[in-house]
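K.L.:
Need coordinates for the below:
(one chain, ligands or ions: 2)
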Amino acid sequence: MKKVSIVVPVYNEEDNLREFHKRITEVMSKEPYEYSIVFVNDGSSDGSAVILNELASEDKHVEAYLLSRNYGHQMALTCGLDNAEGDAVITMDGDMQHPPEVVPQLLRLWEEGNEIVITKRLATEDAGFFKNLTSATYYKLINILSKVEITPGGSDFRLMDRIAVDAFKQYRERARFIRGLVSTLGFKVAKVDFVAPPRFAGTSKFNLRKMLHFALDGITAFSNLPLRWAFYTGLVIGLCSLGLLCHVVYVRYFTPDAVPGWATTTVSILFLGGINLIGIGILGEYIGRIFEEIKHRPLYLVSRHIKK
Ligand code: UDP
Ligand code: MG
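P.N.:
Ligands and ions are numbered 1, 2, ... in the order given. From the prediction side, this is the model:
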């Protein structure tokens, strides 16, 4: 019998775990597969680890990897994908925003021969105007900037066949934007639409700072265009300044009205200073990431594997 692994990253989800386990079990017990639920506890500081321990002793389908600290959603997913043994691996959040009831649709498309089944969030019921707008703008931007195509409303709710998981495992970069990496893999891909309900319990673990960092990881990992833009902007402004210089020399030596001109000077200094800083900032984003990658540190450390 074929085996399906369900990978679930967990960070302070104590009030969601039992409900999630109940609902996914309801779904999977009707499926003609062996299955295992692989929780990855991403350094939770609440009772999540205790509950995972209990679930693992009550249900032989459950196992858990406890990471040594909080590494972030993408690393927790990576740990799950590295260790899951199924012929297909499904990744999904543990807060029921990736409804367990959608899983059968992923499985049917897998049976039809698709090696990757991605999902697209049509709407998030509790997302505000700001989150929807920034998300839509971001996906437009990243698709303009990079050659890989990333579905707007993409999420980390997906199914991957063993062949795709093994391919994915060869990508060991640290700045991970998994949905982008998956779309560079190729393979036969199908898509399922779903509506994300509000969180069952608890609050979102992403704040603005984490979202921004994640968004920049996505862009820098798949595009060098910002660097090129900094260069082109510099070039255009440099040429303009050259014209201005000729003008200044002309006024100084060939006309009687050499103006004090402090306004233009101040403005151009400020302007050029600003452009310089933007350029250096963009460089910094890339160099910082090179530095992180070059250290080749382990992506995550596991402190315990629970399997009864
Ligand atoms: N998560 C994680 N590590 C983190 C942040 C989040 O493992 O540092 C997990 C979290 O427990 C949840 C999933 O990743 O299962 C998605 O997080 P969340 O629901 O907070 O994100 P949102 O749905 O608000 O984008
Ligand atoms: Mg969520």
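K.L.:
Show me which residues of the protein are close to ligand 1?
P.N.:
Within reach of ligand 1 by CB under 6 Å from any ligand atom, the chain has these residues: 9-11, 13, 42, 70, 72-73, 76, 93-95, 97, 204-206. C-beta: built from backbone N, CA, C; applies to glycine.
K.L.:
Write the ChimeraX selection for whichever of those residues are buried.
P.N.:
In ChimeraX, selecting the buried portion of the residues of the chain next to ligand 1, with burial taken from 16 or more other CB atoms under 10 Å, looks like this:
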select :9,10,11,13,42,70,72,73,76,93,94,95,97,205
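K.L.:
quick one: the strands in the stretch 201-308 of the chain?
P.N.:
Chain-ordered strands for the stretch 201-308 of the chain, with DSSP state E, counting those that start in this stretch as the definition, fall at 302-307.
K.L.:
what stretches of it score poorly on pLDDT?
P.N.:
Screening the stretch 201-308 of the chain residue by residue with the criterion pLDDT under 70, one finds the ranges 258-263, 266.
K.L.:
in it, which spans are helices?
P.N.:
Secondary structure of the stretch 201-308 of the chain by DSSP state H, counting those that start in this stretch: the helices cover 208-222, 225-254, 262-294.
K.L.:
and Arg304, which of the ones you listed is closest to it?
P.N.:
helix 208-222 (25.4 Å; CB to CB).
K.L.:
Residues contacting that closest one, please?
P.N.:
Residues lying outside helix 208-222 but in contact with it, judged by CB atoms under 8 Å, 6 or more residues apart in numbering, are 72, 74, 134, 138, 141-142, 145-148, 150, 173, 175-177, 180-181, 184, 206, 226, 285-286, 289.
K.L.:
Just the buried positions in that helix, please.
P.N.:
With burial defined by 16+ other CB under 10 Å, the residues of helix 208-222 counted as buried are 214-222.
K.L.:
What residues sit buried inside whichever strand or helix holds Lys191?
P.N.:
When elements are assigned from DSSP states H and E, Lys191 belongs to strand 189-196. Across strand 189-196, burial judged by 16+ other CB under 10 Å covers 189-190, 192, 194, 196.
K.L.:
so which one among these has the lowest pLDDT?
P.N.:
Minimum pLDDT for the buried residues of strand 189-196 is recorded at Ala196 (90).
K.L.:
For it, name its beta-bridge partners.
P.N.:
Partner residues in beta bridges with Ala196: Thr124, with DSSP bridges as the criterion.
K.L.:
Give me the spatial nearest neighbour of the residue most central in space within the chain, chain neighbours excluded.
P.N.:
Using CA atoms, centre = their mean, the residue of the chain that lies closest to the mean C-alpha position is Phe177, 3.9 Å off. Take Phe177 and drop its neighbours on the chain: the residue closest to it by CB to CB, 6 or more residues apart in numbering is Gly218, 3.9 Å away.
K.L.:
From Tyr139, how far off is the one you found?
P.N.:
Using CB to CB, to the nearest Å, one gets 9 Å for the distance from Gly218 to Tyr139.
K.L.:
Need the overlap of contacts for those two.
P.N.:
Listed contacts common to Gly218 and Tyr139 are Ile150; contacts here mean CB under 8 Å, 6+ apart.
K.L.:
OK, contacts around Thr184?
P.N.:
148, 222.
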